[in-house]
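1. could you work out the structure for the sequence below:
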Amino acid sequence: MKEHLHSVTLDKDKCCGCTNCIKRCPTEAIRVRDGKARIISERCIDCGECIRVCPHHAKKAISDKMSVLKNWECTVALPPPALFGQFNNLDDLDIVLTGLKKIGFDYVYEVPRGAELVSDATRIVMENEKLEPPVISSACPAVTRLIAIRFPDLVENVLPLKAPIEVAAMMAKKKVSEETGLPLNKIGAFFISPCPAKVTDINNPIGNKSSWLDGAISVSTIYPLLVEAMDKLSPQEIETIALSGVIGVSWGSSGGEAAATLTDKYLAADGIENVIHVLEELESGRINDVNFLELNACSGGCVGGVLNVENAYVAQARLHRLRKYLPVSQNHMGVNAVQLLDHMRWTKKLQFSPVMNLSNNLEEAMTMMSEMESIKAHFPNLDCGSCGAPSCRAMAEDVVKGDAKESDCIFVLREQVKDVADMLSSIGGGSVFGKGDKKL
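-> Got it, this is the predicted structure:
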């Protein structure tokens, strides 16, 4: 597995160095140098904020093409609840699921089914096991990676359970293998992804050595093909496939997962800036009397992912209307709860990733910190971004690390130019020109 393999990439030909992205990146993972943005790979959490704000479409998310299905003997589509919010006047999940089969998938297994199992597992774990309170959901990989990078004191609070996409993929591949007799490695499971963070998580799984998924195709790629296929469906062609309930579908928008824990002591926050604020409050001990935190990097929840096609809040309203046609839940842990729960647990602990540390050597880090403060004192503390760094502090850090010069700050450069001009003026007897020079 490749380290730091990301879905979010930069098209340098389209980048104009406008600095919009550096100001919105939650982990200060972007710099503008020589007129082009650069992504610091180890800091990127693939939240997609840079894609959202780039006016030149220079940031994009890499995902699989539909042609990848040809590489497998059998394929399974795993649609998330956010996908159902992309369609107007939808009252039957089976229309979407049948449409997915029409465009090339052999089987369909809804991610909301996995979400309902994770909801069951979360309640069991919170009731019977000693977890660090409050428990933080692990469903959003962008948030989980954010915690691993910026909030080391909260790593132990993250729920050590696989996300619904992994649980759904595991259940789907085992089910299809039983029905077809094919080995698991001949069955390709593909997530229909609303965001780049989930694409990245397939390549670099959090809490697991490998993923049950074999790839991800963006909602925006699937959408036009799916709309055309759905429009051509006759009532007789619609298959009875859906086995999701209100609980599973509600995971598509903010608050759905938290409500499924069946506790009134929960907090749900969405949008990366709001998430960071909540985590800062939690880390400082100012959030109390909360048992569970649901945090989504995208505004509105997964419906706000940058790979969707519909406005997040329109999609959220559609999911809310769709729920009236569904039962409460159709997927439960059942008699094999203990065995299934074991398969749903992380296989490795979440570790703090000190990518934002100045140095792994404490003495060296302290020295660099002192240098940073000294350098930062030369800057205007405007955080204007003109230097290509998101803040004056980040710029000072870059200078200490040797990635930038103090003169990259236009205010420092202006002072340096003024000093040179004053010096030349004093040498020339009050003029920047020598005595023998003539002004043109």
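2. tell me where the protein has strands.
-> 8-10, 30-33, 36-39, 59-61, 74-78, 107-108, 135-136, 187-193, 215-218, 266-270, 292-296 (DSSP state E).
3. pLDDT averaged over the fourth one - what is it?
-> Within the predicted structure, the mean pLDDT of strand 59-61 is 96.
4. can you name every helix or strand that it contacts?
-> strand 8-10, helix 49-53 (3 or more Cβ pairs under 8 Å, 6 or more residues apart in numbering; DSSP states H and E). (Glycine included, C-beta is placed from N, CA and C.)
5. winner for burial among those?
-> Comparing those by mean neighbour count (mean count of other Cβ atoms under 10 Å), helix 49-53 ranks first with a mean of 21.
6. before we move on, the earlier item: okay, the helices and strands packed on strand 59-61 in CSV with distance to residue 269 and mean pLDDT next?
-> As requested, the helices and strands packed on strand 59-61 are exported to CSV (distance: least, Cβ to Cβ, whole Å; pLDDT from 0 to 100):
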stretch, distance to residue 269, mean pLDDT
strand 8-10, 22, 96
helix 49-53, 15, 97
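7. now distance to residue 381 too, for these, in TSV please.
-> Below are the helices and strands packed on strand 59-61 laid out as TSV (distance: least, Cβ to Cβ, whole Å):
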stretch	distance to residue 381
strand 8-10	29
helix 49-53	23
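8. could you point out which of the ones you listed sits nearest residue 216?
-> strand 8-10 (13.2 Å; Cβ to Cβ).
9. the closest one pairs with which strands?
-> strand 59-61 (antiparallel) (DSSP bridges).
10. what's the partner strand in contact with?
-> The contact list for strand 59-61 (Cβ atoms under 8 Å, 6 or more residues apart in numbering) reads 7-11, 21, 37, 46, 48, 50-51, 195-196, 199, 218, 306-307.
11. buried residues, stretch 79-97. List them.
-> For stretch 79-97, burial by neighbour count (16 or more other Cβ atoms under 10 Å) applies to 79-87, 90, 93, 95-97.
12. from the contacts of strand 59-61, keep the buried residues only.
-> Applying 16+ other Cβ under 10 Å to the contacts of strand 59-61 flags 7-8, 10, 21, 37, 46, 48, 50-51, 195-196, 199, 218, 306-307 as buried.
13. pick the one among these closest to residue 132.
-> The closest of the buried ones among the contacts of strand 59-61, once distances to residue 132 are taken by Cβ to Cβ, is residue 46, at 25.6 Å.
14. for the closest one, what are its contacts?
-> 6, 7, 8, 61, 141, 142, 145, 195, 196, 197, 199, 200.
15. do the same with residue 76
-> 105-109, 169, 172-173, 176, 187-190.
16. got TSV for those, with distance to residue 208 too?
-> Putting the contacts of residue 76 into TSV (distance: Cβ to Cβ, whole Å) gives the following:
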residue	distance to residue 208
105	24
106	25
107	23
108	24
109	19
169	11
172	16
173	15
176	20
187	18
188	18
189	14
190	18
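17. those residues: which two are farthest apart?
-> Among the contacts of residue 76, 106 and 169 lie farthest apart (Cβ to Cβ), at 14.6 Å.
18. re the thing from before, dump the contacts of residue 76 into JSON lines; add neighbour count, pLDDT and distance to residue 390 as well.
-> What follows is the contacts of residue 76, written out as JSON lines (neighbours: other Cβ atoms under 10 Å; pLDDT from 0 to 100; distance: Cβ to Cβ, whole Å):
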{"residue": "105", "neighbour count": "24", "pLDDT": "98", "distance to residue 390": "42"}
{"residue": "106", "neighbour count": "16", "pLDDT": "98", "distance to residue 390": "46"}
{"residue": "107", "neighbour count": "21", "pLDDT": "98", "distance to residue 390": "45"}
{"residue": "108", "neighbour count": "23", "pLDDT": "98", "distance to residue 390": "42"}
{"residue": "109", "neighbour count": "23", "pLDDT": "98", "distance to residue 390": "41"}
{"residue": "169", "neighbour count": "26", "pLDDT": "98", "distance to residue 390": "36"}
{"residue": "172", "neighbour count": "24", "pLDDT": "98", "distance to residue 390": "41"}
{"residue": "173", "neighbour count": "26", "pLDDT": "98", "distance to residue 390": "42"}
{"residue": "176", "neighbour count": "21", "pLDDT": "98", "distance to residue 390": "46"}
{"residue": "187", "neighbour count": "23", "pLDDT": "98", "distance to residue 390": "44"}
{"residue": "188", "neighbour count": "22", "pLDDT": "98", "distance to residue 390": "40"}
{"residue": "189", "neighbour count": "28", "pLDDT": "98", "distance to residue 390": "38"}
{"residue": "190", "neighbour count": "26", "pLDDT": "98", "distance to residue 390": "35"}
